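>>> One predicted model, sequence on top.
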Amino acid sequence: MGSTPTSGTVLVSIFMSRYNKKISYDFYTESMKNWEKKGAVRQKRIFKIAGSLKNKTVLDAGCGFGYDTDAIDKKKAKVFGIDISGHIIKIAKEKYPHLSKVFFVSDIKKIPFKDNFFDLIISKYAVHYLNNPDLAFKEFFRCLKKDGILIISVHHPMSVFFLKKSKDYFKKKEITVKIFGKIKISQPSHTLTDYLSAYFLNHFDLLYAEEKQETLKIFKNMKIPEYLLIKAKKR
Ligand SMILES: C[S@@+](CC[C@H](N)C(=O)[O-])C[C@H]1O[C@@H](n2cnc3c(N)ncnc32)[C@H](O)[C@@H]1O
């Protein structure tokens, strides 16, 4: 998995400041292998709908440890990765030293790039952490060129509805999901129209949508879409 970020037995893994967790170093390395295995399946789907990335300027928004950023770079795009967690960006830079200058600590609600800069923005499993996804969509709109493409994937509102164990689909609630199989992190619940919002539909043309059960199958004996994948074009 490339160079390791820390020596010693314990690593502080941070998924945004509210998700500070301590995990053992061995657990971390093992988890990263699994994470990248699942990531490979998700990545393949995104690349399939993205088309050629050659010579495109691409933002990986909420890039995490940089696995996709590196894959986008390999497709001969000019790529940048941003993530709100300084710790995660530090790991990304150490894992992919050739990309150390293109990773930035930044919130997707305030993207540090000028208007009309990107041909493509990919945001995989990050937008659902926002209370208001429109705040990211506004920034994606601003930073994309005209006719630029946005691809996002999020936890599907249907699976979130089941996870929040409420009879009220519309009521906002923080739900808890597990990452790395055991670390609990929380995220706000969202409805479908939080994503396909008036802002989104007024500023982007929806080109493609996909909802499927994921590889991780969090709902045993049930068929429930675990992710929602959307491709849209800036108007
Ligand atoms: C589930 S991980 C996904 C990482 C990567 N996109 C992937 O698919 O492997 C979610 C990432 O989004 C980042 N994130 C959450 N909220 C964010 C925000 N407001 N701005 C930027 N990054 C954010 C987290 O720090 C975390 O690295």
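That came in fine, so what should we check first? Not measured: the values here are computed from a predicted model.
>>> Give the rounded mean pLDDT of stretch 48-68.
Confidence for stretch 48-68, expressed as mean pLDDT, is 95.
>>> quick one: the spatially closest residue to Lys146 that is not a sequence neighbour from Lys56, how far?
Of all residues beyond its chain neighbours, the one nearest Lys146 is Lys234 (6.1 Å), with distances taken as CB to CB, 6 or more residues apart in numbering. For glycine as for every other residue, the C-beta is placed from the backbone atoms N, C-alpha and C. Lys234 sits 14 Å away from Lys56 when distances are taken as CB to CB, to the nearest Å.
>>> who's Lys233 bridged to?
For Lys233, the beta-bridge partners under DSSP bridges are Ile149, Asp205.
>>> Outside of stretch 40-48 itself, list whatever touches it.
53, 67-68, 71, 75, 122, 124-125, 151, 153, 210, 214-215, 227, 229 (CB atoms under 8 Å, 6 or more residues apart in numbering).
>>> and it, C-alpha only, in CSV?
The C-alpha coordinates for stretch 40-48 follow below in CSV (Å, rounded to 0.1, in the frame of the first residue of the first chain):
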residue,chain,number,x,y,z
ALA,A,40,-11.5,-0.7,-6.9
VAL,A,41,-15.1,-1.8,-7.7
ARG,A,42,-16.5,1.6,-7.1
GLN,A,43,-13.8,3.3,-9.0
LYS,A,44,-14.4,1.0,-12.1
ARG,A,45,-18.0,2.1,-12.2
ILE,A,46,-17.1,5.8,-12.0
PHE,A,47,-14.4,5.5,-14.7
LYS,A,48,-16.9,3.7,-16.9
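>>> buried residues in that stretch?
The neighbour-count criterion (16 or more other CB atoms under 10 Å) identifies Arg42, Gln43, Arg45, Ile46, Phe47 as the buried residues of stretch 40-48.
>>> Stretch 80-96 now?
Under the neighbour-count rule (16+ other CB under 10 Å), stretch 80-96 has 80-85, 87-96 buried.
>>> swap in stretch 54-74?
Under the neighbour-count rule (16+ other CB under 10 Å), stretch 54-74 has 56-73 buried.
>>> Just the ones of these in helices?
Secondary-structure check on the buried residues of stretch 54-74 using DSSP state H: residues within helices are Tyr67, Asp68, Thr69, Asp70, Ala71, Ile72, Asp73.
>>> can you tell me if the longest helix along the chain touches the ligand.
Using DSSP H to assign secondary structure, the helix with the most residues in the chain is helix 25-50. Yes. Using CB under 6 Å from any ligand atom, a contact is recorded between helix 25-50 and the ligand, made by Gly39.
>>> so what's the residue of the chain found nearest the ligand up against?
Residue nearest to the ligand within the chain (CB to the nearest ligand atom): Gly64, separated by 2.6 Å. Taking CB under 8 Å, 6+ apart as the criterion, Gly64 is in contact with Asp83, Ile88, Ala92, Tyr125, Ala126.
>>> Kindly reformat those as JSON lines and extend each row with distance to Phe118, pLDDT and secondary structure.
Converted to JSON lines, the contacts of Gly64 look like this (distance: CB to CB, whole Å; pLDDT from 0 to 100; DSSP: H, G, I helix; E, B strand; the rest coil):
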{"residue": "Asp83", "distance to Phe118": "16", "pLDDT": "92", "secondary structure": "strand"}
{"residue": "Ile88", "distance to Phe118": "21", "pLDDT": "82", "secondary structure": "helix"}
{"residue": "Ala92", "distance to Phe118": "19", "pLDDT": "89", "secondary structure": "helix"}
{"residue": "Tyr125", "distance to Phe118": "19", "pLDDT": "91", "secondary structure": "coil"}
{"residue": "Ala126", "distance to Phe118": "15", "pLDDT": "93", "secondary structure": "coil"}
